[in-house]
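Chemist: predicted model and sequence follow; I will ask about them next.
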Amino acid sequence: MVRPQPDLPDVRTAQPEPVQVVTSFEEFRRFMQRDTPCVYSGSSLYSFQDKLCEPWLRKHAGQSKVCVRRSPTGKFIDPSDGVLNIAKSLAETNISLNEFLDNNDSRMLLSGTDTYVYTKNAVVGQWSELWAHASEVIDEHGGGRSLIPQSALSTVGLWLSRDGVQSMTHYDDSLDHNLNFQIKGKKEILMFPPEDWKHLKTFKAMSMQPFSFFEGIKKGHMTSTQQRNCQPQWVELNEGDVLYIPSGWFHFVEHIDDLNINLTYWFKTGRAKNELKKPKQSLRNILIPLKLSLAFLLSHFAS
Ligand SMILES: O=C(O)CCC(=O)C(=O)O
Ligand SMILES: [Fe+2]
């Protein structure tokens, strides 16, 4: 007797494509010129990649003021979390860099979108010793291995985190290109091209998909049509690696090691805004941004 087949859920198992890895500086530059994501993985290009460890930061910038956030879930911020957890994750506290390092609190994030080393065409004074090394990426300061003209540089952000932190999928709102240096620790990053906005429930520059949507894609266990229609690329960013994220590309970032230190350089593409592939908005459920707005209001009481 032929038994009827049960209705199987439409689950596709496929691992995301890897981001292209290059081992030569010249090749990395060529990928950047073609606006194609890639990772440089090779010997250090700049002195700060070797210098910027916890003892160096304590000694040369320990008193610097930083803005930190702590999430009860480690998620910054998952739209499917409860409103109170989102509010707590949004709350800011100002402390010194040494206090952050002493705290040793997993689920705490010092974000490069709050802590600028360089902004508005100037170095932020408290980071001048760090900038003496970090400026090597800039044509006017570096040797033969610089990557960005000073006139194109928008912002440089410093990131520090403990293990277990995840940050929400977004594209960088400025539509700048992004060079992300993994100086210490490890991160895992899932990236999506700008045209994937259709499947990501975009609201402003963020995806309102729950974090489980991206965890499913990473595991290659995709239960929804939206997951299957995306074109993800995945990369494990190890100490010394540099990731190039072209303008408009979405990124979902997981912080893996006990201490993760990154510098992000955001720089202008040199193209007019109307020539850039700006992702559009695809969210159809107004309740999600309302929940985030309420959490944002509550966050002022949670800090
Ligand atoms: O490291 C992270 O959590 C996010 C990094 C990021 O969004 C960026 O460099 O633009
Ligand atoms: Fe970003």
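Modeler: That came through fine. Numbers count the residues shown, from 1 in each chain. Ligands and ions are numbered 1, 2, ... in the order given.

Chemist: use CA for all of it now, contacts and neighbours both
Modeler: Fine.

Chemist: mind listing what the residue of the stretch 51-200 of the chain found nearest ligand 1 touches?
Modeler: Taking CA to the nearest ligand atom, ligand 1 has its nearest neighbour within the stretch 51-200 of the chain at Ser167, 4.7 Å off. By CA atoms under 8 Å, 6 or more residues apart in numbering, Ser167 lies in contact with 75-77, 252-254.

Chemist: Gly142 too?
Modeler: Gly142 is in contact with 135-136, counting by CA under 8 Å, 6+ apart.

Chemist: longest helix anywhere in the protein?
Modeler: The single longest helix within the chain, with elements called by DSSP state H, is helix 287-302.

Chemist: centre of the chain versus it, how much separation?
Modeler: Relative to its parent chain, helix 287-302 has a centroid offset of 22 Å by CA atoms, centre = their mean, to the nearest Å.

Chemist: what do you get for stretch 13-24?
Modeler: Using CA atoms, centre = their mean, the offset of stretch 13-24 from its chain centre is 17 Å.

Chemist: who touches it?
Modeler: Contacts for stretch 13-24 (CA under 8 Å, 6+ apart): 28, 37-42, 217-222, 231-235.

Chemist: could you redo the last one with a cut-off of 7 Å?
Modeler: With CA atoms under 7 Å, 6 or more residues apart in numbering as the test, stretch 13-24 has contacts from 28, 37-42, 218-222, 232-235.

Chemist: for stretch 203-210, same thing?
Modeler: Contacts made with stretch 203-210 from outside it, assessed by CA under 7 Å, 6+ apart, are listed as 78-80, 169-173, 200-202, 281-283.

Chemist: make a markdown table out of those and add secondary structure.
Modeler: Written out in a markdown table, the entries for those read as follows (DSSP: H, G, I helix; E, B strand; the rest coil):
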| residue | secondary structure |
| --- | --- |
| Asp78 | coil |
| Pro79 | coil |
| Ser80 | coil |
| Thr169 | strand |
| His170 | strand |
| Tyr171 | coil |
| Asp172 | coil |
| Asp173 | coil |
| Leu200 | coil |
| Lys201 | coil |
| Thr202 | strand |
| Gln281 | coil |
| Ser282 | coil |
| Leu283 | coil |
